[in-house]
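J.: when you get a sec, could you give me coordinates for this:
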Amino acid sequence: MNVKLHQLDLNLLRVFDALVLERNLTRAALRLHMSQPAVSNALARLRLQLGEPLFVRTARGMTPTLTAQSLHGPISAALKLLQDSLAPPPAFDPAKAKQGFALSMNDYAQFALLPRLWARVRTLAPGVRLGVQPDVADELPVRLAAGNLDLAIDYLHFDEPELAYVPLLEEQLVVIARRDHPTLASASLDMAAYEAAEHVTIPARAGRGSPLEIVLGSAKVRRRVALHVPFYMSIPAVVADSELLGTMPLRLAQHFATYLPITLHPLPMVVPPVQVSLIWHRSREADSGLRWLRRQVTETVAVLVEERGE
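T.: Numbers count the residues shown, from 1 in each chain. Next up is the predicted model:
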């Protein structure tokens with residue numbers, strides 16, 4: 001027997017499987033919702049294509065030959081695999097789910113959203129695991145497309161039609177300085193003081209810069225950056241112990257101002273708030289688990305915004 005797959009009518013394999021299980025033409029026809037002559041005709045065609053008798057009529061019915069018995073296991077498994085792959089995925093049940101999700105967040109999003117999001121997920125879906133990955137901006141579209149990343153929370157917008165976005169919140173940027181800063185202790189922060197001061201900042205991402213760099217570039221404002229740090233979270237401690245100025249999200253600055261000797265100042269230019277969005281790949285729209293997780297993110301943000309009276 002030497003048969004190429006393209007030469008074989010795969011519908012005949014369902015008939016073969018039913019006959020091996022039932023050992024009777026009538027019962028096989030009932031299982032397949034076919035007429036008995038149609039099953040008999042299908043068996044004849046399969047015998048012809050394989051060049052094997054496959055079954056022998058005995059007093060106990062249709063007895064599969066040794067060749068048929070050896071074929072049945074792999075064919076049955078292949079039919080089940082095909083059926084399972086074509087069946088709709090089971091609905092996501094948060095109470096029973098044992099699933100992991102990968103999210104990309106910068107340190108601001110981790111600080112502002114992750115504690116509440118994790119508490120909500122753990123309460124509703126105790127078996128679900130979350131893995132937070134670094135927000136490597138230039139890799140984000142590829143990681144989402146490949147499924148290595150399920151969701152991203154970010155302020156960047158990529159010109160990728162396959163990426164979907166839902167706005168989560170807007171964040172205002174403010175300047176922080178140490179409480180006894182020699183320039184700001186007795187004066188407000190104007191443009192001249194802002195440009196004359198030295199700054200600590202986070203590096204550019206994906207060749208775009210931070211939202212502040214984008215605005216400063218359009219306003220032709222230049223900062224004297226003396227120190228680059230990888231995360232917003234380290235800026236307040238550096239500022240509190242130096243004469244550097246830092247620019248960061250308002251929520252983060254307000255939090256650290258309760259623990260460190262720093263003061264908050266509005267930027268000396270008009271800067272629109274930064275839009276933070278939830279991002280995912282459109283190929284995952286039908287994933288019920290991801291739909292559930294997206295809903296948890298948006299509802300967590302809605303609760304936080306309401307609590308803050310925004």
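J.: and the strands in the stretch 101-250 of the chain?
T.: Listed in chain order, the strands of the stretch 101-250 of the chain (DSSP state E, counting those that start in this stretch) span 129-133, 151-154, 163-171, 173-178, 198-201, 224-228, 245-249.
J.: now these as TSV including mean neighbour count, distance to residue 39 and mean pLDDT?
T.: Where C-beta positions appear, they are placed from N, C-alpha and C, glycine not excepted. Below are the strands of the stretch 101-250 of the chain laid out as TSV (neighbours: other Cβ atoms under 10 Å; distance: least, Cβ to Cβ, whole Å; pLDDT from 0 to 100):
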stretch	mean neighbour count	distance to residue 39	mean pLDDT
strand 129-133	15	49	93
strand 151-154	24	50	92
strand 163-171	17	48	91
strand 173-178	23	73	93
strand 198-201	19	75	93
strand 224-228	13	74	93
strand 245-249	25	70	92
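J.: can you give me the helices for the stretch 101-250 of the chain?
T.: Remark: helices assigned in the stretch 101-250 of the chain by DSSP state H, counting those that start in this stretch are 107-112, 114-124, 140-146, 191-196, 211-219, 235-240, 250-257.
J.: got the contact list for residue 8?
T.: Residues counted as contacts of residue 8 (Cβ atoms under 8 Å, 6 or more residues apart in numbering) are residue 49.
J.: where does the chain have low pLDDT?
T.: 1-7, 87-89, 185-186, 205-220, 310 (pLDDT under 70).
J.: repeat that with 80
T.: Low-confidence segments of the chain, defined by pLDDT under 80: 1-10, 83-90, 136-138, 185-187, 203-222, 308-310.
J.: enumerate every residue touching the most centrally placed residue in it.
T.: Note on the chain: the residue nearest the mean C-alpha position is residue 150, at 1.2 Å, using Cα atoms, centre = their mean. Counting by Cβ under 8 Å, 6+ apart, residue 150 touches 101, 102, 103, 144, 280, 284, 290, 293.
J.: surely the first one and residue 132 touch.
T.: No: with contact defined as Cβ atoms under 8 Å, residue 101 and residue 132 do not form a contacting pair (9.8 Å).
J.: re earlier: which among the strands of the stretch 101-250 of the chain is found nearest to residue 266?
T.: Residue 266 sits nearest to strand 173-178 of all the strands of the stretch 101-250 of the chain, at 6.3 Å, using Cβ to Cβ.
J.: which elements pack onto the closest one?
T.: helix 235-240, strand 245-249, helix 250-257, strand 262-266 (3 or more Cβ pairs under 8 Å, 6 or more residues apart in numbering; DSSP states H and E).
J.: buried set for stretch 13-31?
T.: 13-20, 22-25, 27-29, 31 (16 or more other Cβ atoms under 10 Å).
J.: now stretch 62-77
T.: 62, 64, 68, 71, 72, 75.
J.: what about the third one, which SS state?
T.: Taking DSSP: H, G, I helix; E, B strand; the rest coil as the rule, one finds residue 68 in the helix state.
J.: how near is it to residue 21?
T.: The spacing between residue 68 and residue 21, counted by Cβ to Cβ, to the nearest Å, is 12 Å.
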